[in-house]
Each structure stands twice: as structure tokens, then as C-alpha cells.
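>>> model this:
(chains A and B)
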Protein chains: 2
Amino acid sequence: MSDRPLILITNDDGVSAKGLKELIEVMRLFGDVVVVAPDTHRSGMSNAITVDHPIRVTKTIEEEGFQVYKCTGTPVDCVKLAFNQLLDRHPDFVVSGINHGANSSISIMYSGTMGGAIEGCIHGVPSIGFSLNDSDHEADFSRAKIYVARVFQQVAENGLPPFVCLNVNIPKGEIKGTKVCRQTSGKWVEEYDKRTDPHKREYYWMTGYFKNFEEDVIDTDITALESGYVSVVPVNADMTCYDTFETMKSWRF
Amino acid sequence: MSDRPLILITNDDGVSAKGLKELIEVMRLFGDVVVVAPDTHRSGMSNAITVDHPIRVTKTIEEEGFQVYKCTGTPVDCVKLAFNQLLDRHPDFVVSGINHGANSSISIMYSGTMGGAIEGCIHGVPSIGFSLNDSDHEADFSRAKIYVARVFQQVAENGLPPFVCLNVNIPKGEIKGTKVCRQTSGKWVEEYDKRTDPHKREYYWMTGYFKNFEEDVIDTDITALESGYVSVVPVNADMTCYDTFETMKSWRF
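As a prediction, the model looks like this:
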């Protein structure tokens, strides 16, 4: 058995995505790599799990220090299956991405990439979700990869607290450096395109644009990204709002 | 137009679930009700959204102060469609459930019920997810409904901060009262049942059990629930881990 660190990789753009291949290339520098990724595009799947039907897994690559499995489930299913069934040793890191498109601000809620990373930290392993602010299928990841390596090395060196993972978003084009940020307050608006099918029945396509509630605020992930910096947001899988906790104790239920 | 509050209801057990009917009954005491719920069971869907295919919506009930729509999407899709397309006025509250089965501790991550409630608070409206600790399709909600009303009244009276909603879990059987709690630290383990199909191909069913990392700790939602109390956890849609935030600024990226 190898004594190199074992790095589990997943994503939500599917096993064939360019961003996944680029992430594998970086991670093989640092350890043995096992990929468990959805067999197809599973964007917007958040932390969803597959409870109503069975999941199938196929091993597609088996080399020394490098295995790839594709799976019919969500990114969270991929991570759970890896930990519970597929790996013969506990992974040392879980890394998800590189997503084609940013997962900054409230998009973390819907992101399958971040679903995979959050599931990694729930399993007690330092975990990172990486996204590039470029949705193109043929996006250029060359600059991004340098920062993927840097952030990974810092996590390997410093570790992460229990139930905390990182949401890392990388700008398109020139990169000025890295900033530790908080999640920008904002939401998606005008989210549907209403159409009529040839049988005169209505249907809706998800669309819309992002509304930033705190433009020009320095320490948010979107400001960092828009200024050419890699944004690193520490993300807590404990969603308790401790600020509200004490106030609410005076409520008369 | 009615001057009663408008309450938007969703769930993840689908439009036919008993828990939804019980929640409607309680909420009609407090205001006009619009239900937008998945046409079928969508458990484990978390905050997932439907991006790859169109969504259809059908109105099934239209009465004075009461409308029901069923939708082919996830609970989050239901809430988004209500705000963006279906309602002619902004709802005053979003209420999700009553789920058949608890959504305490880390289960909040995977819960479609809580996905609906979190989406409500992202839209700027006081929002609550209710779950009963009983997965039976014919579960008895009679005691639970009293506490659903009480928690709702407290939220109506006190409001909730921006991007904060409530995760409310209700015990099965006798109820001793209500406790404001934090999310229990824990995770699901041994999560898959591996089987072989008639064509000798392997497949996996999700299963497993919950492991509590902090048994007998007083202020957690699971301890409250197991002691016969309704647990009320304030949930933050800002997932930034502020404790880690400052420490990480010294990292050398």
C-alpha cells in the first residue's frame, strides 16, 4: 500500500469535464488519487442524496496510484460511496471541482461541487471545493491550477477544523493573489423563462441573474473575485445561527 | 385582495402527503394559503434546483384564500416559482413540511423540507421547516399541530433576522415543551447496502444509521427531541465560518 496521501476527487460537471481532468493533474502531484464522479452533468444538485432508486458504480481507470469510478448518483452520493464502499483506506483529503462557473455567494446553497466538499468535511477530512469563474466547456484552467495547488498546500499544512471546508472561487484571466472572504449576501432574481410547448401547455426554464446585496464591500467573495483575486471562504457544516440562539431563548413558545 | 397574511407552503414528501394536509389546516387559521409542492416524493433533495430540464406546474385547487399547485421540480424550485411566477403578491411567510421523519442534526444538509425553508429566508421572508420524528405515512400529527401553531405565532410576533430560518423538529408522542437548540454534531454511517441484480451487476441502496458525536449534551436538537421536547434551531443561510475566518488570514497562500 502506498504511503502517499490519498486524495478523493469528485465534481458536479461529470466524469468527462475538462475541469475534473485539470484538477486530477494538480492533485497527482501531491498524492494518490481516487476519482468518484457523476457519470453525467449534475449541476445544481446541492447536497442531494439518492434515496428512491439504486446507484450503480463503474470503475473506468485502474493504475498505480490512480483510479477513476463513475457513478449514477449525485456528488454527495459519490463521496459517501467512496468512504463507505469503494476505498480500501480512509482518504486524507476530499477535493471537488474544478467547477466550470463560479459558486460564490448564495450559489453555495445550490452547488453540487460544494455539496461534495461539504460531505467530505462531514466525514472528518479536510475538504475543498474549487470553481473557476468561467462556464465555458473549454475554459482555460492554466492560471487557476497554480492557485489550486497553493490553496491545497496550505490546507495540507494547516488542516481545517471539524465540519469546516473551503469554498474557493478563481477568477477568469489574470490573478492578483488570494483573499480569505466571507459569503456575499445576495440572491438570484427573475429566475424563470415561461414558454408554451407545441401542445399549448406552459413550462418553465430556470434562468435569472444574481443580485448582490452588498456591492463594493471589501471582504466578500464576489468583491474579491471581481477584483481579480481568488476568494477562499471557510464554510461551516454547522448551520446553527449562534447570534440568534440567545435572543430566541426569551421567546414564549 | 385579502388583507390576511399570505402563507406559502411547500414540502418534500409531495402534494399528497398527510403532513402537508395537516400543515395546511394549521396555517389556514393564520392567513391565506398558497401551496406549491412537488407532485411526488422528493426527499433528500436538499437545496437542489432543476437546471437541465423544464418544470411544469398544475393548479389543482382554487378557492377563496386557498390555492394549491403541484410542480415537477424540487422543494426549492417550488419556492422560487411561487415568488417569481405564481403569486400575485409577496408571501409574508414560507412554511415547509410537516415532514414525515426528523431533520435534526446533519440531516438538515440533505433535507428537501429544509431546502424549501432556507429558500424562503433567502427571499427575505420569515421561514420555518417543520418535521415530525415519525416516518409513518399515517403518522399522528395531532399533538404536533399545537406546537406548529405556537412556533409560527412566535415567528409572526418576533420576526427573524435576514437569511435566518428555523429548523423545527417535533417528537412523536407526548410533548413536554419547546427548546431553542443548536445543530447536533453527528453523521450517517454504513450508508449502503450492496446487492447484485439478476444480470449479476452490482448496485447500491442508500441505508445506514445516525452516529451522534455528542450524546447527553444538553443544548443540541437531538437531545431535546429524545427528551420529548420540540427542538427549534435557528439556521443561517450564510455558511461562512467566522471563527476560522481570522485565523486563516495568516495563511501563506
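>>> show me where the stretch 101-250 of chain A has its helices.
For the stretch 101-250 of chain A, the helices defined by DSSP state H, counting those that start in this stretch cover A:112-122, A:142-158, A:221-226, A:242-248.
>>> going by mean pLDDT, which of those helices comes out lowest?
Of all the helices of the stretch 101-250 of chain A, the minimum mean pLDDT falls on helix A:242-248 (a mean of 92).
>>> re the thing from before, for chain B, which of the helices of the stretch 101-250 of chain A is the nearest?
Among the helices of the stretch 101-250 of chain A, the nearest to chain B by CB to the nearest CB is helix A:242-248 (3.9 Å). For the C-beta atoms, the positions are set from N, CA and C on the backbone; glycine is no exception.
>>> how far out from the middle of the chain is that closest one?
29 Å (CA atoms, centre = their mean, to the nearest Å).
>>> helices or strands up against it?
strand B:229-236 (3 or more CB pairs under 8 Å, 6 or more residues apart in numbering or on different chains; DSSP states H and E).
>>> relative to strand A:229-236, how tilted is the strand it packs on?
Taking axes from the mean of the first three to the mean of the last three CA atoms, to 10 degrees, one finds strand B:229-236 and strand A:229-236 inclined to each other by 170 degrees.
>>> how about strand B:229-236 and chain A, touching?
Yes: using CB under 8 Å from any CB of the partner chain, we find that strand B:229-236 touches chain A at B:230, B:232, B:233, B:234, B:235, B:236.
>>> just to revisit the earlier point, out of the helices of the stretch 101-250 of chain A, nearest to residue B:47?
When these are compared by CB to CB, helix A:112-122 sits nearest residue B:47, at 8.8 Å.
>>> I'd like the distance from the closest one to the chain centre, please.
That offset, for helix A:112-122, works out to 6 Å (CA atoms, centre = their mean).
>>> list the buried ones in it?
A:112, A:113, A:114, A:115, A:116, A:117, A:118, A:119, A:120, A:121, A:122 (16 or more other CB atoms under 10 Å in any protein chain shown).
>>> right, and chain B sits closest to which residue of the stretch 51-200 of chain A?
Closest point on the stretch 51-200 of chain A to chain B, by CB to the nearest CB, is residue A:178, at 3.7 Å.
>>> quick one on the thing from earlier: compare the residues of strand B:229-236 next to chain A and tell me which has the most neighbours.
Of all the residues of strand B:229-236 next to chain A, residue B:233 has the most neighbours under the rule other CB atoms under 10 Å in any protein chain shown, reaching 31 neighbours.
>>> roughly how far does it sit from residue A:238?
Note on residue B:233: its distance to residue A:238, by CB to CB, to the nearest Å, is 10 Å.
>>> give me the common contacts of those two.
B:182, B:183 (CB atoms under 8 Å, 6 or more residues apart in numbering or on different chains).
>>> what about residue A:208, how many neighbours?
14.
>>> list the contacts for it?
Residue A:208 touches A:188, A:189, A:190, A:191, A:192, B:84, counting by CB under 8 Å, 6+ apart.
>>> for residue A:112, give me its contacts.
Per CB under 8 Å, 6+ apart, neighbours of residue A:112: A:11, A:12, A:38, A:42, A:43, A:44, A:45, A:46, A:48, A:74, A:75, A:76.
>>> how about low-confidence regions in chain A?
Along chain A, segments meeting pLDDT under 70 span A:1.
>>> which stretches of it form strands?
Ranges of strands in chain A, per DSSP state E, are A:6-10, A:32-38, A:57-63, A:66-71, A:93-100, A:127-132, A:164-170, A:177-180, A:186-189, A:192-196, A:202-206, A:209-212, A:229-236.
>>> show me what contacts residue A:163?
A:121, A:122, A:236, A:237, A:238, B:185.
>>> next, it: phi, psi?
Dihedral pair for residue A:163: phi 60, psi 20, per degrees, to the nearest 10.
>>> which of the helices of the stretch 101-250 of chain A is buried the deepest?
Among the helices of the stretch 101-250 of chain A, helix A:112-122 has the highest mean neighbour count (mean count of other CB atoms under 10 Å in any protein chain shown), at a mean of 30.
>>> enumerate the residues of the stretch 1-150 of chain A near chain B.
Neighbours of chain B within the stretch 1-150 of chain A, by CB under 8 Å from any CB: A:41, A:43-52, A:54-57, A:76-77, A:80-81, A:84-85, A:106, A:108-110, A:115, A:118, A:122-123, A:147, A:150.
>>> make a ChimeraX selection of the buried ones in those residues.
To isolate the buried ones among those in ChimeraX, judged by 16+ other CB under 10 Å, type:
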select /A:41,43,44,45,46,47,48,49,50,54,55,57,76,77,80,81,84,85,106,108,109,110,115,118,122,123,147,150
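>>> with distance to residue B:168 added, can I get the helices of the stretch 101-250 of chain A in a markdown table?
A markdown table is the format used below for the helices of the stretch 101-250 of chain A (distance: least, CB to CB, whole Å):
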| stretch | distance to residue B:168 |
| --- | --- |
| helix A:112-122 | 22 |
| helix A:142-158 | 35 |
| helix A:221-226 | 30 |
| helix A:242-248 | 12 |
